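1. quick one, structure for this:
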Amino acid sequence: MIEQWLGNLDKLLTHDVPGGFSIYQHARAAYVAGDIEKAEKLKRLNYLLHNSEVPYTAQIGKNSILAYGGIGIILHAQTRIGERCNIGSGVTIGGSASGVPIIGHDVYLSTGCKILGGLKIGDGAIIGANAVVLNDVKPFTVVAGLPAKPISDITPENFDKYAGFYWCKNQPEKVALFIDWYFTQKRAEMPR
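-> Numbering: from 1, shown residues only. Sure thing, here's the model as predicted:
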């Protein structure tokens, strides 16, 4: 039986394994096109390859990434995640009687964090590793702990300390654009 599985998976195992976000994107496209059967198969493929539950009904913004290919990520079916977010391995975004989390843009969800209930994570927030978030997180706030509590605010003055968590890391001209966008133009906000 195992040899038969290996034979069936030979092409997949001898080439690059598709990442979790890529599989999600194809599943989402199939879902939007009305091909639920294909969307469901792709969702199961993500589970098989990455041990992740990334439903095609979840909404994940463009240029977001599932770190390490998307290992062990669990998302509620109605999750909404903004653009350019980084979702670490082992992250759980789960609903409760109060609703389902909504994640803003440019949010960093560290490995193993849990975001539970009808709360909002503001633009640019950083959620610490293994933190359990049970309340709203304001934009550009770093939270950590169980339950998660604010430990720092991100400002233009201390942005260099946190720049590595964002898409602009190690690129001074893009860091300047990022700071201008969010701080000078005051575009940071809570998701809607």
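2. just checking, what packs against the one helix or strand in the chain whose mean pLDDT sits lowest?
-> Using mean pLDDT, DSSP states H and E, the weakest-scoring helix or strand in the chain turns out to be helix 10-14, at a mean of 75. For helix 10-14, there is no helix or strand it packs on, judged by 3 or more C-beta pairs under 8 Å, 6 or more residues apart in numbering; DSSP states H and E. No exception for glycine: its C-beta is placed from N, CA and C like everyone else's.
3. spatially central residue for this protein, please.
-> The centroid of the chain falls nearest to residue 87 when counting by C-alpha atoms, centre = their mean (3.3 Å).
4. quick one, what contacts the spatially closest residue to residue 162 that is not a sequence neighbour?
-> Excluding the flanking residues, the one nearest residue 162 by C-beta to C-beta, 6 or more residues apart in numbering is residue 154, at 5.1 Å. If a contact means C-beta atoms under 8 Å, 6 or more residues apart in numbering, then residue 154 has 124, 126, 140-142, 162 as its contacts.
5. returning to what we had before: which residues are in contact with the least confident helix or strand of the chain?
-> Residues outside helix 10-14 that contact it (C-beta under 8 Å, 6+ apart): residue 6.
6. could you measure the residue nearest to residue 162 against residue 90, distance?
-> Distance, residue 154 to residue 90, by C-beta to C-beta, to the nearest Å: 24 Å.
7. then residue 81?
-> Applying C-beta to C-beta to residue 81 and residue 90 gives a distance of 16 Å.
8. what does the longest helix anywhere in the chain rub up against?
-> Longest helix of the chain, by residue count under DSSP state H: helix 36-50. Residues outside helix 36-50 that contact it (C-beta under 8 Å, 6+ apart): 17-20, 23-24, 26-28, 30-31, 52-56, 66, 69-73.
9. in a strand, residue 149, correct?
-> Yes. Inclusion of residue 149 in a strand is indicated when DSSP: H, G, I helix; E, B strand; the rest coil is applied.
10. just the strands in this protein please.
-> Using DSSP state E, the strands found in the chain span residues 59-60, 65-66, 74-75, 80-81, 86-87, 92-94, 102-103, 108-109, 114-116, 120-121, 126-127, 132-133, 141-145, 148-153.
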